[in-house]
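**Student:** Structure for the following, please:
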Amino acid sequence: MHFFPAGWAWQAGFRWLRRLAKGERLPLPHPSMVTQFATLLSVLMAVVLAGCAVKDPTHPRFVVAEGRGIKITRAQVDAEVDRALTNFNLSRDKVPPPQLASLETNILNQMINRQVALAEARKSPMTNAVTQAKEQLERMKKNFPTPEAFQEQLAKAKTTEAEMLKEIEQKMEVDHLMRTRVEPSLSSPSDEEVKKFYGENPKLWQRNETVRAQHVLVKMEAGADAATKAEKKKAAEAALSRVNKGEPFEKVAQEVSDDPGSKARGGELPPFSKGQMTPKFEEVAFSTAPGKVSKVFETPFGFHFLKVKAKDAAKTLKLEEVKNEISAHLRRLKQGEATRLLLEDLRKEANVKILLPPPAAPAPVTAATPPVQAPPVPPSEPA
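**Tutor:** Residues are numbered from 1 along each chain as shown. Modelled structure (predicted):
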């Protein structure tokens, strides 16, 4: 077997390439020389690429987190952040920098957790994951009126059907890991734990007075002129007259009401307490006796009349009424803590390192700093 010294193979290899580039007709070099030259060239390229690692944290190829079997780039995080913002109809320019940095950190940690959990899950693969994922995707498609509507939703979410299928499959694998590694270790909350939680959180069991009612709305646009206002009020009073003459409230509501949320249910609203409706609607509802129908009244949404079906007095729920709810809540807390510890161990095993620079500290608040104001809350519309 021929063996050429590394230095000779390197020099000979480059001489052969230069002559070939000049157009000379050359015999093929000896295979041993080719192998050594290729090996040396690959080592050199690795060194060069390592020295050219992206240093700019905003560059798409910048590695923001890495570990054993894990490599997440800025481009991948940005794509996930954009998808999350799209789901809330937001864009980057609408989110203050501190909140955007916090969102990026949270999403990056979710991506790391997903990758370490997925790697662990695949050590004991879930059977039929692909088949089950396809079945779930098909069920999701059936929730859309047309295939085109489904594709539009995918485009809005900045994803594809193949990517969604992959995400569903991965989620199933991770869920399987949690079922097999976390849930068996959980114990049911004891009666003492349930009783303690009940006693330490008295406000959770207080229920305000609630009203169950149905209504009819004749909608009127804001700023309507006097003639339109009179016309809408007359229409509401005509509908009320039908109810007062004995027609079923449900029938009149289904035929007349402009409230899309309750019309199909005969005007019936979910139970509500004070502070959930516009002031005038609340005033009429709480002052009308059960079984009685109100007069026509006006709110910012138009003209209404309502019928109170029942009133439930304020009360404090007893332990027996909520013990199952408390037990389920405490079990979820235990499950969350066990999941956190498992992911923490998996991240340590993978030696995960986050390379993203910490976000800049917010500017100090001074007397000249304008106060942060919450956006105005629109009035609640009965729906």
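**Student:** contacts, neighbours, all on C-alpha from now
**Tutor:** OK.
**Student:** Show me where the chain dips below the pLDDT cut-off.
**Tutor:** 1-53, 359-383 (pLDDT under 70).
**Student:** What segments of the chain are strands?
**Tutor:** 63-67, 70-73, 206-207, 210-219, 272-273, 297-299, 302-312, 315-316, 353-354 (DSSP state E).
**Student:** can you tell me how far Asn109 sits from Leu103?
**Tutor:** 10 Å (CA to CA, to the nearest Å).
**Student:** returning to that earlier point: which of the strands of the chain is buried the deepest?
**Tutor:** Among the strands of the chain, ranked by average contacts under mean count of other CA atoms under 10 Å, first place goes to strand 210-219 (a mean of 23).
**Student:** Show me how far that strand is from its chain's centre.
**Tutor:** Here the centre of strand 210-219 is set off from its chain's centre by 32 Å, with CA atoms, centre = their mean, to the nearest Å.
**Student:** now that strand against strand 302-312, angle please.
**Tutor:** Here strand 210-219 runs at an angle of 170 degrees relative to strand 302-312 (axes from the mean of the first three to the mean of the last three CA atoms, to 10 degrees).
**Student:** hmm, who's touching strand 210-219?
**Tutor:** 232-233, 235-236, 252-253, 256-259, 263, 266-274, 285-286, 301-314 (CA atoms under 8 Å, 6 or more residues apart in numbering).
**Student:** One more pass at 6 Å, please.
**Tutor:** 236, 253, 257-259, 267-269, 271-273, 301-312 (CA atoms under 6 Å, 6 or more residues apart in numbering).
**Student:** Excluding chain neighbours, give the residue nearest to Glu282 in space.
**Tutor:** Lys274 (6.6 Å; CA to CA, 6 or more residues apart in numbering).
**Student:** end to end, how far does stretch 290-300 reach?
**Tutor:** This stretch, stretch 290-300, spans 25 Å end to end (CA to CA).
**Student:** quick one: buried residues of it?
**Tutor:** 290, 293-294, 296-300 (16 or more other CA atoms under 10 Å).
**Student:** Then stretch 234-242?
**Tutor:** Quick answer for stretch 234-242 (16+ other CA under 10 Å): 236-237, 239-240.
**Student:** so how far is Pro96 from Met111?
**Tutor:** Taking CA to CA, one finds Met111 at 22 Å from Pro96.
**Student:** need the contact list for the nearest residue to Ala213 once chain neighbours are set aside.
**Tutor:** Closest residue to Ala213 apart from its sequence neighbours, by CA to CA, 6+ apart: Val308 at 4.3 Å. Counting by CA under 6 Å, 6+ apart, Val308 touches 213, 290-291.
**Student:** try Gln76
**Tutor:** No contacts exist for Gln76 under CA under 6 Å, 6+ apart.
**Student:** Swap in 8 Å and give it another go.
**Tutor:** Gln76 is in contact with Pro60, counting by CA under 8 Å, 6+ apart.
**Student:** For the chain, which segments count as helices?
**Tutor:** 6-21, 31-51, 74-87, 97-121, 129-141, 147-156, 161-181, 191-200, 226-244, 249-256, 279-287, 319-349 (DSSP state H).
**Student:** Now do the longest one against helix 97-121, angle only.
**Tutor:** Between helix 319-349 and helix 97-121, the angle comes out at 80 degrees (the same axes, to 10 degrees).
**Student:** next one: helix 319-349 to chain centre, how far?
**Tutor:** That offset, for helix 319-349, works out to 20 Å (CA atoms, centre = their mean).
**Student:** and it with helix 161-181, angle?
**Tutor:** Using the same axes, to 10 degrees: helix 319-349 against helix 161-181 is 110 degrees.
**Student:** Output the contacting helices and strands for helix 319-349.
**Tutor:** helix 97-121, helix 191-200 (3 or more CA pairs under 8 Å, 6 or more residues apart in numbering; DSSP states H and E).
**Student:** got those as CSV, with distance to Val352 and mean neighbour count columns?
**Tutor:** Converted to CSV, the helices and strands packed on helix 319-349 look like this (distance: least, CA to CA, whole Å; neighbours: other CA atoms under 10 Å):
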stretch, distance to Val352, mean neighbour count
helix 97-121, 8, 17
helix 191-200, 36, 14
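**Student:** and this structure, what are its domains?
**Tutor:** Using automatic domain parsing, the domain parsing of the chain gives 6-51, 209-313.
**Student:** how close does the most centrally placed residue in the chain sit to Asn106?
**Tutor:** Centroid-nearest residue in the chain, with CA atoms, centre = their mean: Ala84, separated by 6.7 Å. Distance of Ala84 to Asn106, given as CA to CA: 11 Å.
**Student:** same thing with Thr180?
**Tutor:** Using CA to CA, we find Thr180 at a distance of 26 Å from Asn106.
**Student:** can you check Val256 too?
**Tutor:** 48 Å.
**Student:** Could you do Thr73 as well?
**Tutor:** Separation of Thr73 from Asn106 (CA to CA) stands at 15 Å.
**Student:** what does Met220 give?
**Tutor:** The gap separating Met220 from Asn106 is 44 Å, by CA to CA.
**Student:** Could you do Asp56 as well?
**Tutor:** Counting by CA to CA, the gap from Asp56 to Asn106 is 21 Å.
**Student:** cool, Ala226 as well?
**Tutor:** 53 Å.
**Student:** I'd like the distance between Ala264 and Leu356.
**Tutor:** Taking CA to CA, one finds Ala264 at 52 Å from Leu356.
**Student:** Kindly apply the preceding question to Arg114 instead.
**Tutor:** On the measure of CA to CA, Arg114 and Leu356 end up 18 Å apart.
**Student:** what does Ala121 give?
**Tutor:** For Ala121, the distance to Leu356 - CA to CA - is 27 Å.
**Student:** now Asn87, nearest residue through space, not along the chain?
**Tutor:** Using CA to CA, 6+ apart, the closest residue to Asn87 is Ala157 (6.7 Å).
**Student:** Which residues are in contact with Ala253?
**Tutor:** So Ala253 contacts 215-216, 263, 266-267 (CA under 8 Å, 6+ apart).
**Student:** Could you rerun that using 6 Å?
**Tutor:** Ala253 neighbours (CA under 6 Å, 6+ apart): 216, 263, 266-267.
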